[in-house]
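Undergrad: with the sequence up front, the predicted model follows.
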Amino acid sequence: MTDGDYDYLIKLLALGDSGVGKTTFLYRYTDNKFNPKFITTVGIDFREKRVAYNTQGPNGPTGKAFKVHLQLWDTAGQERFRSLTTAFFRDAMGFLLMFDLTSQQSFLNVRNWMSQLQANAYCENPDIVLIGNKADLPDQREVNERQARDLAEKYSIPYFETSAATGQNVEKAVETLLDLIMKRMEQCVEKTHIPDTVNGSSSGKLDGEKSAEKKCAC
Amino acid sequence: MAMLFSRPQRRPPLMRQAIKIRRRGVRDLQDTRPPRAQEIEPSSHHLSPEERALLYEEALYTVLYRLGQPEPNHVGESSELLRYLQEAFRMEPEEHQQMLKRVQQLEKPVFCLKATVKQAKGILGKDVSGFSDPYCLLGIEQGMTVSGGSPGLRRRQKAVVRHTIPEEQTHRTQVITQTLNPVWDETFILEFEDISNASFHLDMWDMDTVESVRQKLGELTDLHGLRRMFKEARKDKGQDDFLGNVVLRLQDLRCREDHWYPLEPCTDTYPDRGQCHLQFQFIHKRRATKASRSQPSYTVHLHLLQQLVSHEVTQHQAGSTSWDGSLSSQAATILFLHATQKDLSDFHRSLAQWLAYSRLYQSLEFPSSCLLFPITSIEYQWIQGRLKAEQLEELATSFSSLLAYGLSLIRRFRSVFPLSVPDSPARLQSLLRVLVQMCKMKAFGELCPNSDPLPSLVSEALRAGTVGWFHLKQQHHQPMVQGLLEMGKALLSLVQDIIGDLHQCQRTWNKIFHNVLKIDLFSMAFLELQWLVAKRVQDHIGAVGGSVTLEVGESLFQLYVSLKELYQLGPLPSERDGVLALEGFHRWFRPAIPSWLQKTYSVALARVQRAVQMDQLVPLGELTKHSTSAVDLSTCFAQISHTAQQLDWPDPEEAFMITVKFVEDTCRLALVYCSLIKARARELSAGQKDQGQAANMLCVVVNDMEQLRLVIGKLPTQLAWEALEQRVGPVLEQEQLQNTLHAQLQGALAGLGHEIRTGVRTLAEQLEAGIAKHIQKLVGIRESVLPEDAILPLMKFLEVELCYMNTNLVQENFSSLLSLLWTHTLTVLAEVAASQRSCPRACSRLKFALQNLEVCFYAEGCGLPPEALHTATFQALQRDLELQAASSRELIHKYFCSRLQQQAATTSEELGAVTVKASYRPSEQKLRVELLSASNLLPLDSNGSSDPFVQLTLEPRHEFPELAPRETQKHKKDLHPLFDETFEFLVPAEPCQKDGACLLLSVLDHDTLGTDDLEGEAFLPLCSVPGLTGMEEPGEVPQTRLPLTYPAPNGDPILQLLESRKGDREAQAFVRLRRQRAKKASQHGPRPGR
């Protein structure tokens, strides 16, 4: 599926307690399928998806569409992989911080994950969306929306209640995150013209065409 | 000596009573005075000046009162011995002279010959029983004048002892009854005055006692015995029988003798009287020296030995050679003389040697063989009872002292026996041998009963020594400044020292300890050290805590790698009992892994940046078309894989994550490199006007990326994916491996491929403009210019550019560049050709250009392969240009060619057919055509029939301008007319043989009211007519039946082309004619399905 023909390479990383549904969430997003069986992710997994992204000017979509290649890193929530998992935080450009709406504990641990992120990600305030998963199980719900929204507001990050089982909000959550990242990158590009891949932080824009044009205008 | 003996001496009172000593009674000889405490345990071989003086006196005395001939290797000259002594005792000459004088004034000792009668064999049997009851009488005859070998001696020998020696000086052995091989083993001390005129006498007698004849008769065994009995009866009662004697001059004897001597007869009867085994030794009694009077003999001897040996050793040291353990002949002589004179037993001598050497060994370096010899000797002769309590104590002390010393060396063996000194292992081994031999001794067992077994003592010493060594090393590495980094460094050095030490233990020391004592030093040291180091590492990591900075992480990495090396030194888990403290040590380092990964990445990134900065984007060489940074980059990736190998994380799942991270980082670096190298090319070409330079750099960039693709393609091997997949196979889904490793890499490779393609496209675009320009120019060139010359600029341009690209691009990218260019070139040609439709000259140039371009892109197999060249576009264009380039007449030819093809392909006779016979006579230049019939014609008239006739023309017309069309008779209402008419055309053969030359048979329906209708056309190729193929006259001419055809209804391309050539009247006329035909045909149209 990869032909290397894309404008941006974006790395996203899903994190959160074991069993909150990171793997099924990503599976729903990439393949639009749901696997109800719980299989613990060992260490780290990796998925890819190609999406189109339309840049948005101040007055809605400008129509310019980019091909974006998404690399989605699926991490193990288990404690034993914790320290190694943080090694992967460094290269991700955006984070899907997930908890389980049916588990108060997983919600409480969001704070720990946040501090892990702040310590290990490329910057102090990386792009994050907070995701409460398993919204399709209202009768088992332990975390109410108000609580979650308050926390998200405290960190000033978007919050979504999603369901990998039904697909509710799954795409929206990822798209929101992608939007945040693209905006940040645009700002970056405006500010500095140094290729930002060099400082090892964010964009993976392939600027082959542009450079070639510049070099060989004859 | 003569001088000594000539001096008047006061003879000491001789012992009137013979002193008979049994061998076991040696200790009786020893001075019974209790020794002084200092003598029991002299602390070292260094003597006080007084003691030294006493010892010197003793030594001088020994030399002065030397007796007996020298031993073969000994020094005979007393003066030499004295000189040696002076040196050995470091005496000043005056001091020496003084001492010598004093010793000379001392009373001389009582000289004694210690004689041992061991046994005899083969003596005469004098009794009736055939045996004898032998005993010996012995003594020293004094005062004989020296006359060696004179007849007097012979005479004296015959004299019996009891006649020549006063009774009180005569000694007698026991009687051994009824034997011919008596054993006595009795020792006698025989005093003598002057060695020069003294001789030793021994007679052997058969004891005869008064016995009853009956008793004797009872013993009588044979007649010979009876005769002896009578003979005996004749003798005096109690008269013993002489069995033989031994007479020896003392001055002929050496200091010690041990021989079998023949028993000499008194008369000449029975010359063979057997042999007697005697031992002699010249000893002193009542030595006047103070030492001899005050100290036990062997203590004195011991001191003398120590003095001389330490002299010898220091002599060697001064000459910077090592002492091999053998004494100089002077020392050997003196010690031998002293031991003999003092009548020291071998056992006591060995004891003295042991004590001396074992003491010296603790302060001087010499071969342990010196110790092994007395050990063996003592072991052979060991009887505890032979030593006095103090001596036993002294011996015990020497054992425990040497043992303690040996163990202390073993404890510190790492510093005492450094491997930097070549013979260290040998020295340690000999020390162990000595200890082993010593501890095996009976004497050791009896005197040190409470000593632990040597192996456990040595093990303990090694253990304690190892721990001590560790602490010493730890102390040594202790950092000056307290800090995590410094601590880490210190710990690392410590671990590396331990590894070094364990290697030495394993390679060198273990062999020695195992061979000699069956001690596994290496395992012991490994267990001990790993425990010690594990604790310290854990403490250190505890101190580091959770937040690992890059610097600390780096130091932890080194520590981890070293610990891994250490751990791998140890025995395999299957071979050891219990759990090592180091077991699972990698887990301690878990928190540091992210920092290691980060470090690896940032180092690699810095290298990539530097590599690009240094790069001038110049190809490395003719065959290597990439530049320096690509090379640096592969080194950089090799470094990552090296780090991965060093890490070699034991936990499979975590190892998997680490590998995934390495793959991610590598892929990332590859993409970073792409953007950096392109930026570098922009930067370098920005200042340059030369377009070629920029293109050149772009080529290099493309090649660099290509090279990079090759390099990261090797990641699976470099990071050992296969092994990893086997390890994690049981716990991981295959899909996860596929995603995280393979898909990730594929993504990066695809990204690179995209970059490369983009680069190649850019290069292609740059050339495309040039190609288009040149092709455009082609058609504008004056008509007079030949096509060969017209295409020259284009070909030249391509040659230069492609040659350049070929040199600068790797083959793969050059091919894709060619491919792009080829497509582009064809498009441009097609466009230009379309715009030049009505201009055959231009098109012929384009056609010529296409031919040449094909050759150029094929490049004799080095360019594009034929299948890539002959695309559909190419083929269409080729066809198109072929036509457009042709002149109108050529096109007309082609038209007929295609009609002939159509004719040949038509089998259906739905329009009917004509039958003709055609032949050509070359001699008359006549084409003869017999038109036989037509059949199955379509009814074209309203009456359901037709009025057919056939028009015959030779086509193309311009080839046969003279010949008018011919016609047959018109038949009425006949769809199967039989014409049977013959026509003759006068034509030369040459135009008939051209391509497309044909006889056109047009079957028409005659209409009186309007124009005639077309039934159909038939084309007979002239080249098939007999007489035109071959040049012979035709014989029998075959009939040819030709199905009728229609001209193609909707626009033949040739006709269209001709029609477009507005200015060409011939073309226009031809087209008009053909259009008319087509129009005629279309009026009724084909009826398919008839």
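TA: Yep, it's here. Just so you know, these numbers come straight off a predicted model, no measurement behind them. Numbering: from 1, shown residues only, chains lettered A, B, ... in the order given.

Undergrad: distance from the chain centre to the helix or strand containing B:Pro991, please.
TA: Counting by DSSP states H and E, the element that carries B:Pro991 is helix B:989-992. Averaging C-alpha positions (C-alpha atoms, centre = their mean, to the nearest Å) puts helix B:989-992 87 Å from its chain's average.

Undergrad: now stretch B:399-409
TA: 42 Å.

Undergrad: any idea which helix is longest in chain B?
TA: Identified as the longest helix of chain B according to DSSP state H is helix B:744-780.

Undergrad: buried residues in that helix?
TA: For helix B:744-780, a neighbour-count test (16 or more other C-beta atoms under 10 Å in any protein chain shown) marks B:744-768, B:771-772, B:774-775, B:778-779 as buried. C-beta coordinates here come from the backbone N, C-alpha and C atoms, glycine included.

Undergrad: quick check: angle from the lengthiest strand in chain A to helix B:744-780?
TA: If you go by DSSP state E, chain A has its longest strand at strand A:60-75. Going by axes from the mean of the first three to the mean of the last three C-alpha atoms, to 10 degrees, strand A:60-75 is angled at 140 degrees with respect to helix B:744-780.

Undergrad: in its sheet, what does strand A:60-75 sit against?
TA: strand A:8-16 (parallel), strand A:44-57 (antiparallel) (DSSP bridges).

Undergrad: can I get the longest one as CSV, trimmed to CA atoms?
TA: What follows is strand A:44-57 as a C-alpha-only set of coordinates in CSV (Å, rounded to 0.1, in the frame of the first residue of the first chain):
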residue,chain,number,x,y,z
ILE,A,44,4.5,-2.0,20.2
ASP,A,45,2.5,-2.3,17.0
PHE,A,46,2.3,-0.2,13.9
ARG,A,47,-0.4,0.6,11.4
GLU,A,48,-0.6,2.9,8.4
LYS,A,49,-3.3,4.8,6.6
ARG,A,50,-3.3,7.2,3.7
VAL,A,51,-5.6,10.2,4.1
ALA,A,52,-6.3,13.4,2.3
TYR,A,53,-6.0,16.6,4.2
ASN,A,54,-7.5,19.9,3.0
THR,A,55,-5.7,23.0,4.3
GLN,A,56,-8.1,25.4,5.8
GLY,A,57,-7.6,29.1,5.3
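
Undergrad: now that strand: how far from the chain's centre is it?
TA: Strand A:44-57 has its C-alpha centroid displaced from the chain centroid by 9 Å (C-alpha atoms, centre = their mean).

Undergrad: could you list the buried residues of that strand?
TA: Taking 16+ other C-beta under 10 Å as the criterion, strand A:44-57 shows A:Ile44, A:Asp45, A:Phe46, A:Arg47, A:Glu48, A:Lys49, A:Val51, A:Tyr53 as buried.

Undergrad: helix or strand right after the worst-scoring helix or strand of chain B on mean pLDDT?
TA: One helix or strand of chain B scores below all others by mean pLDDT, DSSP states H and E: helix B:37-40, with a mean of 35. Going down the chain from helix B:37-40, the next helix or strand is helix B:49-64, by DSSP H and E.

Undergrad: about what we covered before: and the strands paired with strand A:60-75, which one is worst for confidence?
TA: In terms of average pLDDT, strand A:44-57 trails the rest of the strands paired with strand A:60-75, at a mean of 83.

Undergrad: give me the number of residues near the closest residue to B:Tyr84 other than its chain neighbours?
TA: Excluding its sequence neighbours, the residue lying closest to B:Tyr84 (C-beta to C-beta, 6 or more residues apart in numbering or on different chains) is B:Gln330, at 3.8 Å. For B:Gln330, the neighbour count with other C-beta atoms under 10 Å in any protein chain shown is 22.

Undergrad: swap in B:Lys126?
TA: What B:Lys126 shows, counting by other C-beta under 10 Å, is a neighbour count of 22.

Undergrad: assign it to helix, strand or coil.
TA: Here B:Lys126 is recorded as coil under DSSP: H, G, I helix; E, B strand; the rest coil.

Undergrad: poorly predicted segments of chain A, please.
TA: A:1-3, A:56-63, A:189-218 (pLDDT under 70).

Undergrad: so is the lengthiest helix in it next to chain B?
TA: If you go by DSSP H, chain A has its longest helix at helix A:170-191. No. For helix A:170-191 and chain B, the contact criterion (C-beta under 8 Å from any C-beta of the partner chain) is not met; the two come no nearer than 12.9 Å.

Undergrad: residues making contact with that helix?
TA: A:8, A:10, A:12, A:25, A:28-29, A:51, A:53, A:55-56, A:68, A:70, A:93-96, A:127-129, A:131, A:158, A:160, A:162-164, A:196, A:202-203, A:205 (C-beta atoms under 8 Å, 6 or more residues apart in numbering or on different chains).

Undergrad: buried subset of these, written for PyMOL?
TA: Buried residues within the contacts of helix A:170-191, by 16+ other C-beta under 10 Å, are selected in PyMOL with:
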select buried, chain A and resi 8+10+12+25+28+29+51+53+68+70+93+94+95+96+127+128+129+131+158+160+162+163+164+196+202+203+205
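
Undergrad: what sits against the residue lying closest to B:His958 once chain neighbours are set aside?
TA: Once flanking residues are discounted, B:His958 sits nearest to B:Arg889: 5.6 Å by C-beta to C-beta, 6+ apart. Applying C-beta under 8 Å, 6+ apart, we find B:Arg889 in contact with B:Pro956, B:His958, B:Glu1066.

Undergrad: okay but A:Leu72 is in contact with A:Leu9, surely?
TA: No. Applying C-beta atoms under 8 Å, one finds A:Leu72 not in contact with A:Leu9, separated by 12.0 Å.

Undergrad: in the stretch 801-950 of chain B, which residue sits closest to chain A?
TA: The nearest approach of the stretch 801-950 of chain B to chain A comes at B:Glu801, 11.4 Å away (C-beta to the nearest C-beta).

Undergrad: over to that residue. Which of the three states is it?
TA: Secondary structure state of B:Glu801, per three-state DSSP, is helix.

Undergrad: B:His774 is in contact with that one, correct?
TA: No. Counting by C-beta under 8 Å, B:Glu801 sits too far from B:His774 to count as a contact (10.7 Å).

Undergrad: how much space separates B:Glu528 from B:Val516?
TA: From B:Glu528 across to B:Val516, the span is 20 Å (C-beta to C-beta, to the nearest Å).

Undergrad: tell me how many other residues surround B:Ser199.
TA: By the criterion of other C-beta under 10 Å, B:Ser199 has 23 neighbours.

Undergrad: brain fart, B:Thr340
TA: Neighbour tally, B:Thr340, other C-beta under 10 Å: 23.

Undergrad: please apply the same query to B:Leu633.
TA: For B:Leu633, the count of nearby residues is 26 (other C-beta under 10 Å).

Undergrad: quick revisit: how about the residue of the stretch 801-950 of chain B closest to chain A: what's its closest non-neighbour residue?
TA: Spatial nearest neighbour of B:Glu801, excluding adjacent residues (C-beta to C-beta, 6+ apart): B:Leu767 at 5.3 Å.

Undergrad: show me what contacts that neighbour?
TA: Neighbour list for B:Leu767: B:Glu801, B:Met805, B:Leu821 [criterion: C-beta under 8 Å, 6+ apart].

Undergrad: then B:Leu911?
TA: Listed by C-beta under 8 Å, 6+ apart, the contact set of B:Leu911 reads B:Leu937, B:Leu938, B:Glu1015, B:Gly1016, B:Pro1043, B:Leu1044, B:Thr1045, B:Tyr1046, B:Pro1086.
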